[in-house]
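**Q** Here is my input; please provide its structure:
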Amino acid sequence: VLLAESGGGLSHAGGSLRLSCAVSGFTFSDYSMGWFRQAPGKEREFVAGIGWNFDLYYVDSVKGRFTISRDNAKNTVYLQMNSLKPDDTAVYYCNGAPIDQPQALGIIPISYWGQGTQVTVSS
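**A** Numbers count the residues shown, from 1 in each chain. Next comes the predicted model:
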């Protein structure tokens, strides 16, 4: 399994970034995919998910600001982040599982992670 996150960087508050995650090693179209983040000194948290059936899920803190999408032809999942806040500063990771409900990605155990991509939002 390979999870290659990219697209992070530095943004001012109110700015936008688009993250990408290229996936290989499993049948991408059969998997619900999600984005997670880990801020310094905090546990990793689930941010957004998209089902194999394109069902969507967002945690309250990013609703209306972040949009998750997927391109099954490219085995890639994206996270468009708008109206960024300093609290969004974290390392962002993608991951997935062969489950129906994307929100369940926040509670199932996941043991393998990619290197992540750093997002830093200044005030």
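**Q** quick one, helices of this structure?
**A** Per DSSP state H, the chain carries no helices over any range.
**Q** residue closest to the middle of this protein?
**A** Trp35 (1.8 Å; Cα atoms, centre = their mean).
**Q** Now do the contacts for it.
**A** Going by Cβ atoms under 8 Å, 6 or more residues apart in numbering, Trp35 touches 19, 21, 46-49, 66, 68, 77, 79, 92-94. Where you see a C-beta, it was placed from the backbone N, CA and C, and this is true even at glycine.
**Q** So which of these are in strands?
**A** Using DSSP state E, the subset of those located in strands is 19, 21, 46-49, 66, 68, 77, 79, 92-94.
**Q** all strands for this structure, in order.
**A** For the chain, the strands defined by DSSP E cover 2-6, 9-12, 17-24, 32-38, 45-50, 56-58, 66-71, 76-81, 90-97, 117-122.
**Q** how about low-confidence regions in the chain?
**A** Within the chain, no stretch has pLDDT under 70.
**Q** circling back: can I get the contacts of Trp35 in JSON lines including neighbour count?
**A** Shown next, in JSON lines, are the contacts of Trp35 (neighbours: other Cβ atoms under 10 Å):
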{"residue": "Leu19", "neighbour count": "24"}
{"residue": "Cys21", "neighbour count": "26"}
{"residue": "Phe46", "neighbour count": "21"}
{"residue": "Val47", "neighbour count": "25"}
{"residue": "Ala48", "neighbour count": "27"}
{"residue": "Gly49", "neighbour count": "27"}
{"residue": "Phe66", "neighbour count": "20"}
{"residue": "Ile68", "neighbour count": "24"}
{"residue": "Val77", "neighbour count": "29"}
{"residue": "Leu79", "neighbour count": "26"}
{"residue": "Tyr92", "neighbour count": "23"}
{"residue": "Tyr93", "neighbour count": "22"}
{"residue": "Cys94", "neighbour count": "27"}
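**Q** which one of those is nearest Val121?
**A** Distance to Val121 across the contacts of Trp35 (Cβ to Cβ) is lowest for Tyr92, with 11.7 Å.
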